[in-house]
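Engineer: got a structure for you, letters missing:
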């Protein structure tokens, strides 16, 4: 997300490079946030079906290290466009709780 804050045009390039690394070396603890950011970019362009697909993949790949962030980004920024917000509420509370416990 830092690349987006400094230069919004740089973020898609950084994400594409991260996807290439995933394809070349396999998944890691940081694959889920990369997919979440991809989902966020799709949602920002109005491509909600693609955003949902990436968000669901991110949720399947998340590890304890990035669990709170992955759940938050996907449910607060992406999935609420495709599923009722009531279905996002419980995961958001879970992400909040995890974030409080893990710092």
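Structural biologist: Happy to help now that I have it. Keep in mind that what you see is a predicted model, and the values were worked out from it rather than measured. Numbering: from 1, shown residues only.

Engineer: other residues contacting stretch 74-87?
Structural biologist: 36, 39-40, 42-43, 48-49, 51-52, 54-55, 58-59, 88, 91-92, 95 (C-beta atoms under 8 Å, 6 or more residues apart in numbering). To be clear about C-beta, it is placed using only N, CA and C from the backbone, and glycine gets the same treatment.

Engineer: what about 7 Å?
Structural biologist: 36, 39-40, 43, 48, 51-52, 55, 58-59, 88, 91-92 (C-beta atoms under 7 Å, 6 or more residues apart in numbering).

Engineer: please apply the same query to stretch 34-44.
Structural biologist: 1, 12, 15, 18-19, 22, 50-51, 54-55, 57-58, 61, 70, 73-74, 77-78, 81.

Engineer: same thing but at 6 Å, please
Structural biologist: When contacts are defined by C-beta atoms under 6 Å, 6 or more residues apart in numbering, stretch 34-44 is touched by residues 15, 18, 50-51, 54-55, 57-58, 70, 73-74, 77-78.

Engineer: relative to residue 28, which of the contacts of stretch 74-87 is nearest.
Structural biologist: Distance to residue 28 across the contacts of stretch 74-87 (C-beta to C-beta) is lowest for residue 58, with 12.9 Å.

Engineer: give me the pLDDT value at that closest one.
Structural biologist: Among the per-residue scores, residue 58 shows a pLDDT of 95.

Engineer: and the longest helix along the chain, what's buried?
Structural biologist: The single longest helix within the chain, with elements called by DSSP state H, is helix 85-102. For helix 85-102, burial by neighbour count (16 or more other C-beta atoms under 10 Å) applies to 88, 91, 92, 95, 98.
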